[in-house]
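A.B. asks: Starting from these lines, generate the structure:
(chains A, B, C and D)
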Number of protein chains: 2
Amino acid sequence: MSMNLPPLVQSFVLHFGEMGSRWGINRTVGQIYALLYVSPEPLCADEIVAALGISRSNVSMGLRELQAWSLVLLKHLPGDRRDFFTTPDDIWVILRTLAEERKKREVDPTLSVLREILIEQPASDIERHAQQRMAEMHSMIERLTNWYDDVKQLDQERLASLLTLGSRVTKLLETTDRIVSLGRKRRPATRD
Amino acid sequence: MSMNLPPLVQSFVLHFGEMGSRWGINRTVGQIYALLYVSPEPLCADEIVAALGISRSNVSMGLRELQAWSLVLLKHLPGDRRDFFTTPDDIWVILRTLAEERKKREVDPTLSVLREILIEQPASDIERHAQQRMAEMHSMIERLTNWYDDVKQLDQERLASLLTLGSRVTKLLETTDRIVSLGRKRRPATRD
DNA sequence: CGGTGATTTCAGAAATTTCTGAAATTACCA
DNA sequence: TGGTAATTTCAGAAATTTCTGAAATCACCG
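C.D. replies: Just a heads-up that it's a prediction; the model follows:
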């Protein structure tokens, strides 16, 4: 059984399928997501089966995976017993979810493993050096995640302007730089 | 054959191995990278074989993959015919490389597929709606990559201060906001 | 209740990815 | 040029992941 979709939609769905593997989700999950993303209306499982030409159980598992990622929403039509699925409308919401989930799966575990190893007592020069390197990695990741935690608090408007600012960030920093580094030199990181 | 490593190093290597799959590289590639990252000296292929207990050919393929990612450096010791491998010392260099390579593999292809689809003529309402959604996605990704392109130009010092600024970005933006949005309201996005 | 349709589960089949050992290639040296 | 050590290639084995169909479960309705 093969796909049954308008050409433009099909290209998009196929691409997301191929990309899926690079993104740590599998082909079908990628395709299901892509399909829901571009559909004007929520779809039920059987419609996905028909559109993508894959087994019903595969769709069920795919949707379950997407729900674990909080990337799809469950909708109910009145008087219809079936489950319907969509993606959030707001693409910024999608972006945030994606960032949050990837952080949870890809960086948090590493951070906690690093912390565990770093409290151990090194038993040799090799281990001492290894710990030193891990400490560097740990501190970088921590800086990045702290920054991310701050940025994700921003509302959409402000986030958008942070992005739009873009190339001008540099110039802004040049100004800020002096102020900040001045403050830093006096007393270490006084916050308020 | 099993691993032969100091306990702290082994924990780190095993974790990177497990994580590997979530990062789109495989277990051995993750392990090889982790091992090189914490080693005080460059290692040759046979040392990696001994340390990780995997086949010589597997190490060869792993190293080749890591080179494709520009994540390892090839070194030659004088009077020794073997190849030795390390990771870059500077963790910020590593971060930049990682970001660059992931962008190249994970976002650039999507961006170009989206562009291709967006120039097509929609043949139905379904396709029209799909294009609309893809345009939203395209514009968001483009904003993000533009921002990324700007930020990656920053030298380490400035990048560090951008990060350290962290929570204060918000406050800085509040000030900038008015200026920017003021400019926006008068005439649409006049830049200079 | 008992029936009906939607959904999930799960064991095994199919597909894909990873890993290995043996053979081929490369690079250097005498 | 021939010899030797290092490295790469690659076909198939092993492991892992994905997918399916059949059966089980769930949820609602009369």
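A.B. asks: Extract the residue ranges of chain A that are flagged as low pLDDT.
C.D. replies: Along chain A, the parts satisfying pLDDT under 70 run over A:1, A:165-192.
A.B. asks: Quick check: residues of it near DNA strand D?
C.D. replies: Contact residues (Cβ under 7 Å from any atom of the strand) of chain A with DNA strand D: A:21, A:26-29, A:54-58, A:61-62, A:81. To be clear about C-beta, it is placed using only N, CA and C from the backbone, and glycine gets the same treatment.
A.B. asks: Let's have the residues you listed in JSON lines, adding distance to A:L74 and neighbour count.
C.D. replies: Listed next are these as JSON lines, based on distance: Cβ to Cβ, whole Å; neighbours: other Cβ atoms under 10 Å in any protein chain shown:
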{"residue": "A:S21", "distance to A:L74": "26", "neighbour count": "13"}
{"residue": "A:N26", "distance to A:L74": "21", "neighbour count": "15"}
{"residue": "A:R27", "distance to A:L74": "23", "neighbour count": "16"}
{"residue": "A:T28", "distance to A:L74": "19", "neighbour count": "19"}
{"residue": "A:V29", "distance to A:L74": "16", "neighbour count": "25"}
{"residue": "A:I54", "distance to A:L74": "20", "neighbour count": "18"}
{"residue": "A:S55", "distance to A:L74": "21", "neighbour count": "12"}
{"residue": "A:R56", "distance to A:L74": "17", "neighbour count": "11"}
{"residue": "A:S57", "distance to A:L74": "18", "neighbour count": "10"}
{"residue": "A:N58", "distance to A:L74": "18", "neighbour count": "16"}
{"residue": "A:M61", "distance to A:L74": "15", "neighbour count": "15"}
{"residue": "A:G62", "distance to A:L74": "14", "neighbour count": "24"}
{"residue": "A:R81", "distance to A:L74": "13", "neighbour count": "7"}
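A.B. asks: So which of these are in helices?
C.D. replies: Judged by DSSP state H, the subset of the residues of chain A next to DNA strand D located in helices is A:21, A:27-29, A:56-58, A:61-62.
A.B. asks: So which residues of chain A form helices?
C.D. replies: A:7-22, A:27-38, A:45-52, A:56-68, A:91-102, A:108-119, A:125-153, A:156-165, A:168-186.
A.B. asks: okay, those helices, which one's buried deepest?
C.D. replies: Ranked by mean neighbour count, the helices of chain A are led by helix A:27-38 with a mean of 24 (mean count of other Cβ atoms under 10 Å in any protein chain shown).
A.B. asks: Residues touching that one, excluding its own?
C.D. replies: Under the criterion Cβ atoms under 8 Å, 6 or more residues apart in numbering or on different chains, residues A:5, A:9, A:12-21, A:23, A:25, A:42-43, A:48, A:51-52, A:54, A:58-59, A:62-63, A:65-66, A:71-72, A:85-87, B:129-130, B:133-134, B:137 lie in contact with helix A:27-38.
A.B. asks: ok so, going back, name the nearest of the residues of chain A next to DNA strand D relative to chain B.
C.D. replies: A:S21 (7.7 Å; Cβ to the nearest Cβ).
A.B. asks: Which residues are in contact with the closest one?
C.D. replies: So A:S21 contacts A:27, A:30, B:24 (Cβ under 8 Å, 6+ apart).
A.B. asks: DNA strand D: which of these is nearest?
C.D. replies: A:R27 (4.3 Å; Cβ to the nearest atom of the strand).
A.B. asks: how much space between the closest residue to A:L36 other than its chain neighbours and B:V107?
C.D. replies: By the measure of Cβ to Cβ, 6 or more residues apart in numbering or on different chains, the closest residue to A:L36 outside its immediate chain neighbours is A:T87, 5.0 Å from it. The gap separating A:T87 from B:V107 is 19 Å, by Cβ to Cβ, to the nearest Å.
A.B. asks: Neighbour count: those two, which is higher?
C.D. replies: Higher neighbour count among A:T87 and B:V107: A:T87, with 22 against 16, using other Cβ atoms under 10 Å in any protein chain shown.
A.B. asks: Was I right to think the more buried one contacts A:S70?
C.D. replies: No: using Cβ atoms under 8 Å, A:T87 is not in contact with A:S70, being 10.4 Å away.
A.B. asks: one step back: could you check the distance from the residue nearest to A:L36 over to DNA strand C?
C.D. replies: 17 Å (Cβ to the nearest atom of the strand, to the nearest Å).
A.B. asks: Could you do A:V13 as well?
C.D. replies: Applying Cβ to the nearest atom of the strand, the value for A:V13 to DNA strand C is 16 Å.
A.B. asks: and if you look at A:A45?
C.D. replies: In terms of Cβ to the nearest atom of the strand, A:A45 sits 4 Å off from DNA strand C.
A.B. asks: so A:A99 makes contact with A:T145?
C.D. replies: No: if you go by Cβ under 8 Å, A:A99 and A:T145 don't touch, sitting 10.8 Å apart.
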